[in-house]
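Student: Below: sequence and its predicted model.
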Amino acid sequence: MLSTLFSNQNVYHLLELFFWLLGAFLIGLFFGRLIGSKKTNNTSAVFQNNIEGESLDLTHDISKIRAKKTFERGGLETVKTVIISDENSELNFDRIGRASLETKDDLGKIKGIGPAIEEKLNGIGIFTFKQITHLTDKDIAKITDLIEFPSGRIERDKWIEQATALTTKN
């Protein structure tokens, strides 16, 4: 029975392949553990140095680690930077009108204003449709620079006309 099993060439080749793969696995396991032990020794040396010099309280350090929320990740960090760096010196809010988050309109109803642009507009102090209706060409140029918007886009999308229409609806 055993001699008939090995007389088939396919079984012989499968056994040969099995032993080659087993050998490759064992060699990989050996070198993997060898390299892994070197890495473990290096990190334990770092912890030893840290323990000797000062105490390493991981639970205390982990609580302080926070990811910085940027504009691209849904935060307002970029908007705050725009406000602080430019201080809106050329926008005349006495003429445009002042508003806040409490009196905010959904500026996303205007074609051409998405959530990101709406956050930037809110960041520079524009919250309502009525404020947009009072914008002049100089204001539009300044807003275009502040929110880093393509030049002429506000006029092409007709923000003022759309804001006027939305103001009369409300």
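Tutor: Nice, I can see it.
Student: contacts and neighbour counts: CA atoms only from here.
Tutor: Noted.
Student: quick check: domain ranges of the protein?
Tutor: 2-64, 71-169 (automatic domain parsing).
Student: Comparing those domains by mean pLDDT, which bottoms out?
Tutor: Here the lowest mean pLDDT among those goes to domain 2-64, at a mean of 71.
Student: ok, how many other residues are close to residue 21?
Tutor: By the measure other CA atoms under 10 Å, the count of residues near residue 21 is 12.
Student: What separation is there between it and residue 31?
Tutor: Look at residue 21 and residue 31: by CA to CA, to the nearest Å, they are 15 Å apart.
Student: SS state for residue 141?
Tutor: helix (DSSP: H, G, I helix; E, B strand; the rest coil).
Student: Over to the spatially closest residue to it that is not a sequence neighbour: give its phi and psi.
Tutor: Of all residues not flanking residue 141 in the chain, residue 151 sits nearest, at 7.7 Å (CA to CA, 6 or more residues apart in numbering). Residue 151 adopts backbone torsions of phi -60, psi 130, taken as degrees, to the nearest 10.
Student: swap in residue 125?
Tutor: phi 110, psi 10.
Student: For it, give me its contacts.
Tutor: By CA atoms under 8 Å, 6 or more residues apart in numbering, the contact set of residue 125 is 98-100.
Student: burial of the residue nearest to residue 141, as a residue count?
Tutor: What residue 151 shows, counting by other CA under 10 Å, is a neighbour count of 13.
Student: pretty sure it contacts residue 140?
Tutor: No. Between residue 151 and residue 140 there is no contact under CA atoms under 8 Å: 9.2 Å.
Student: what residues does stretch 156-170 touch?
Tutor: Against stretch 156-170 from outside (CA under 8 Å, 6+ apart): 110-112, 129-130, 132-135.
Student: Send me it as CSV with only the CA atoms.
Tutor: What follows is stretch 156-170, C-alpha atoms only, in CSV (Å, rounded to 0.1, in the frame of the first residue of the first chain):
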residue,chain,number,x,y,z
ARG,A,156,-20.4,84.2,-10.9
ASP,A,157,-22.4,82.2,-8.4
LYS,A,158,-24.4,85.4,-7.7
TRP,A,159,-24.2,85.1,-3.9
ILE,A,160,-25.7,88.6,-3.4
GLU,A,161,-28.7,87.9,-5.6
GLN,A,162,-29.3,84.5,-4.0
ALA,A,163,-29.0,86.0,-0.5
THR,A,164,-31.5,88.8,-1.4
ALA,A,165,-34.0,86.2,-2.6
LEU,A,166,-33.5,84.1,0.5
THR,A,167,-33.9,87.2,2.7
THR,A,168,-37.2,88.1,1.1
LYS,A,169,-38.5,84.5,1.6
ASN,A,170,-37.9,84.7,5.3
